[in-house]
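Undergrad: I'll drop the sequence and a predicted model, then ask my questions.
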Amino acid sequence: MIGGLLTGIATSPWMRAALRYGAIALAVVLFLLALRRSGERAGRLAERLEIMEKANDVQRQMLDAAARRPRDRDELAGRLRDGRF
């Protein structure tokens, strides 16, 4: 029953053209949805990269500050006397 109905619809030139354009429109819509999803994903990855870069920058600043700290009380006292602290 359904097969006969589809065969009857597909034989009409108008319906064949409508099915063809419908299939093309569906393909375009699916492509645009996939493109949108990949764009959102790329945006999230870029945001994650930016956050990681900020965290790495802060960590590097902390390591630099730790490397410049006085090693013991005598060095701290010397820096305070010289005014370099």
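TA: Everything's here; your move.
Undergrad: can you give me the strands in this protein?
TA: Using DSSP state E, the chain contains no strands.
Undergrad: for it, which helix is longest?
TA: Counting residues, the longest helix found in the chain (DSSP state H) is helix 13-68.
Undergrad: which sections of this protein are below the confidence cut-off?
TA: Residues of the chain that meet the criterion pLDDT under 70 lie in 1-10, 85.
Undergrad: if you set the cut-off to 50 instead, what comes out?
TA: In the predicted model of the chain, residues 1 satisfy pLDDT under 50.
Undergrad: Tell me which other helices or strands the longest helix of the chain touches.
TA: For helix 13-68, the elements it packs on are helix 2-11, judged by 3 or more CB pairs under 8 Å, 6 or more residues apart in numbering; DSSP states H and E. C-beta here means a position set from N, CA and C on the backbone, and glycine is covered the same way.
Undergrad: before we move on, back to that, I'd like the distance from the longest helix of the chain to the chain centre, please.
TA: Mean C-alpha position of helix 13-68 versus that of the full chain (CA atoms, centre = their mean, to the nearest Å) differs by 5 Å.
Undergrad: do the same with stretch 62-72
TA: With CA atoms, centre = their mean, you get 36 Å for stretch 62-72.
Undergrad: repeat for stretch 77-85
TA: The answer for stretch 77-85 is 48 Å, by CA atoms, centre = their mean.
Undergrad: contact partners of it?
TA: Stretch 77-85 is touched from outside by Pro70, Leu76, with contacts defined as CB atoms under 8 Å, 6 or more residues apart in numbering.
Undergrad: Fine, thanks again, bye for now.
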